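1. Show me how the following folds:
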Amino acid sequence: AVGKTVLCYGGQWLLERLQVFSGDIAIATPYIYTQGSSCDNRQSSNEDLCARLLRGPDPEAFVNVTFDFLLVANRSLVLEPAAQVYAASMMFCSRESAEFQNRSIADASGRGCEAGRGVGAGETRNPLYKVCGAGGGSHVGAGGFGTTWSYLRQTACAVPGGKYDDTDNFVVLPTVGASGGGCGVSNRSCDEQLSVDQRPSAGGGLIWVSTGKLTMQAGVRMLANGNPGQNMKVDPGSKRSDTTASAGGAGGQILVFAKVFAAPSSRNPVSIEAAGGDMACSVFLDGASGCVGGAGGGGYIGFKLATEGLPRGAYVSSKREAMTQGNHTLRISVAGGGLPENCRKMGVQLEGIDVAYGQDGKAASLVPCQSGYYGIFCLPCEPGTWSPPGRSSRCSQCEAKPASAT
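-> Residues are numbered from 1 along each chain as shown. Next comes the predicted model:
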């Protein structure tokens, strides 16, 4: 492909899927939404599929991972200011450069496995036996427990799914679909009560970016978060029914391959997130007890940079709150889901609620760091510190060598 393709229709594009192969690609359309889910994605080899696709369409590249949004540019790719793309599995692939301009959005949140589905889906207890919040969805980080509560404390009663896709061998990529939180009610009732459009309790999807030089301008958001849970009626046919709570979905995955990475320092930094969905809370008819659907576990964010391209001011966060002070270039979050403010307003008992929080996922380099380098970007350790080769999250203090050492 040698020409230029510009997606510039001024309205909304609602598509089953979108695939474009061209010399240059620019997205000026304000809103693109594709259908589908990344739930069926499987673990894949540690290979950048973009390199294969730049040689032309390759059906064999999609054996383990499929994309409902696929852009392949032989030269450059641009997402213009305020453009928004919503898809389950998306790839931005360009040989020379990819530029995400001011306030543009690539969002795969809630586009993984639906409630109650996936390798690490949370448990749903039979509400006829015991009304209990559902267990949180798990991915790289484990979800939180579903609980029941009274004026005394929280009591765990539904387990989260088992965590998975945490790869440390650099042989495979963590591309398995992120799991949904438990639904809290029967499958039939779950399908009737959960909105298909908003996808409560669903896990996050997949975003794959590969290019020579990657530029992200102020306010860019790249999101693959799990969705929060919601209240569920135990008996949806009754006007007066106790409510349980579905659980948060797990964070998805974002994989970035680039030779150079540039982002400006700003009070409106770039945000890259694969965090777990928050818990949901309910209050029973007695007003003094209820249940909590556990939060989702965090997902995975991985970078492979050929050169040191990270500007100063990067901020790797274990929380989902936005930064409020200072200038930063980049905020990365793989946090487990937490407690939303509306739970506090409902008067939910907070004693013992820690068990309902999701665990953090992982932000890591996709290739081994050399000795003396650490973290997701393989940055050099500060003088007086060191790290072994491989995948180190931090550097350790150097100790004085023994007098007998040579």
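2. next SSE after the helix ranked longest in the chain?
-> When the chain is parsed with DSSP state H, its longest helix is helix 187-193. For helix 187-193, the succeeding helix or strand toward the C-terminus, using DSSP states H and E, is strand 206-216.
3. how about that following strand: buried residues?
-> Neighbour counts over strand 206-216 (16 or more other Cβ atoms under 10 Å) mark 206-216 as buried. (Each C-beta comes from the backbone N, C-alpha and C, glycine too.)
4. And that strand, what does it pack against?
-> helix 49-53, strand 89-94, strand 97-100, strand 221-223, strand 253-262 (3 or more Cβ pairs under 8 Å, 6 or more residues apart in numbering; DSSP states H and E).
5. Run the chain-centre distance for that strand.
-> 16 Å (Cα atoms, centre = their mean, to the nearest Å).
6. If I take it and strand 253-262, what angle do their directions form?
-> Counting by axes from the mean of the first three to the mean of the last three Cα atoms, to 10 degrees, strand 206-216 lies at 10 degrees to strand 253-262.
7. average model confidence for strand 206-216?
-> Mean pLDDT, strand 206-216: 95.
8. quick one, phi/psi of the closest residue to residue 378 other than its chain neighbours?
-> Spatially, and ignoring its direct neighbours in sequence, residue 378 is nearest to residue 369 (3.9 Å; Cβ to Cβ, 6 or more residues apart in numbering). Reported as degrees, to the nearest 10, the phi and psi values for residue 369 are phi -80, psi 150.
9. My guess is residue 369 contacts residue 393. True?
-> No - counting by Cβ atoms under 8 Å, residue 369 does not reach residue 393; the two are 10.3 Å apart.
10. And the two? Which one has more around it.
-> Each of residue 369 and residue 393 has its neighbours counted (other Cβ atoms under 10 Å); residue 369 has more, 22 against 12.
11. If the more buried one is in a bridge, with which residues?
-> For residue 369, the beta-bridge partners are residue 390 (DSSP bridges).
12. Now do it against residue 231, distance only.
-> Here residue 369 is placed at a distance of 45 Å from residue 231 (Cβ to Cβ, to the nearest Å).
13. How about residue 15?
-> 32 Å.
14. So between these two, which is more surrounded?
-> Ranked by neighbour count (other Cβ under 10 Å), residue 15 and residue 231 place residue 231 first, with 20 against 13.
15. Can you give me every residue that contacts residue 15?
-> Contacts for residue 15 (Cβ atoms under 8 Å, 6 or more residues apart in numbering) come out as 32-35.
16. can you rerun that using 6 Å?
-> Residues in contact with residue 15, defined by Cβ atoms under 6 Å, 6 or more residues apart in numbering, are residue 34.
17. Need the pLDDT of it.
-> At residue 15, pLDDT is 92.
18. ok, it to residue 35 distance?
-> 7 Å.
19. Ok, residue 211 next?
-> Distance from residue 211 to residue 35, by Cβ to Cβ: 26 Å.
20. what does residue 48 give?
-> Applying Cβ to Cβ to residue 48 and residue 35 gives a distance of 26 Å.
21. Those two - which one has more neighbours?
-> Higher neighbour count among residue 48 and residue 35: residue 48, with 16 against 13, using other Cβ under 10 Å.
22. Pick out the residue nearest the middle of the chain.
-> residue 274 (2.1 Å; Cα atoms, centre = their mean).
23. How about the contacts made by that residue?
-> 204, 224, 251-254, 299, 301, 334.
24. what's the nearest residue to it if we skip its chain neighbours?
-> Nearest to residue 274 is residue 299, by Cβ to Cβ, 6+ apart, at 3.4 Å.
25. what's the burial count for the one you found?
-> Residue 299 has 37 nearby residues by other Cβ under 10 Å.
26. hang on, it packs against residue 254?
-> No - assessed by Cβ atoms under 6 Å, residue 299 is found out of contact with residue 254, at 7.8 Å.
27. Distance from the chain centre to the host helix or strand of residue 25, please.
-> Here residue 25, judged by DSSP H and E, is contained in strand 18-27. From the chain centre to the centre of strand 18-27 is a distance of 25 Å (Cα atoms, centre = their mean).
28. Stretch 239-256 too?
-> Between the centre of stretch 239-256 and the centre of its chain there are 14 Å (Cα atoms, centre = their mean).
29. same deal with stretch 124-132?
-> On Cα atoms, centre = their mean, the centre of stretch 124-132 falls 29 Å from the chain's centre.
30. and if you look at stretch 97-116?
-> Distance of stretch 97-116 from its chain centroid, counting by Cα atoms, centre = their mean, is 9 Å.
31. List the buried residues for it?
-> 97-101, 104-116.
32. and the longest helix of the chain, average pLDDT?
-> Rounded mean pLDDT across helix 187-193 is 80.
33. What of stretch 131-141?
-> Stretch 131-141 comes out at a mean pLDDT of 95.
34. tell me which residues form a beta bridge with residue 100?
-> Beta-bridge partners for residue 100, by DSSP bridges, are residue 79, residue 216.
35. Residue 203 against residue 179, yeah?
-> Yes - contact criterion Cβ under 6 Å: residue 203 and residue 179 qualify, at 5.1 Å.
36. The stretch 251-400 of the chain: strands as residue ranges?
-> Listed in chain order, the strands of the stretch 251-400 of the chain (DSSP state E, counting those that start in this stretch) span 253-262, 270-273, 280-283, 290-293, 300-305, 314-317, 330-333, 362-365, 373-374, 379-380, 385-386, 396-397.
37. for the stretch 101-250 of the chain, same thing?
-> 105-107, 146-149, 154-158, 172-173, 206-216, 221-223, 231-233, 243-245.
38. Between the ones you listed, which one is closest to residue 68.
-> strand 206-216 (10.0 Å; Cβ to Cβ).
39. rewinding a little: retrieve the pLDDT associated with the residue nearest to the centre of the chain.
-> 97.
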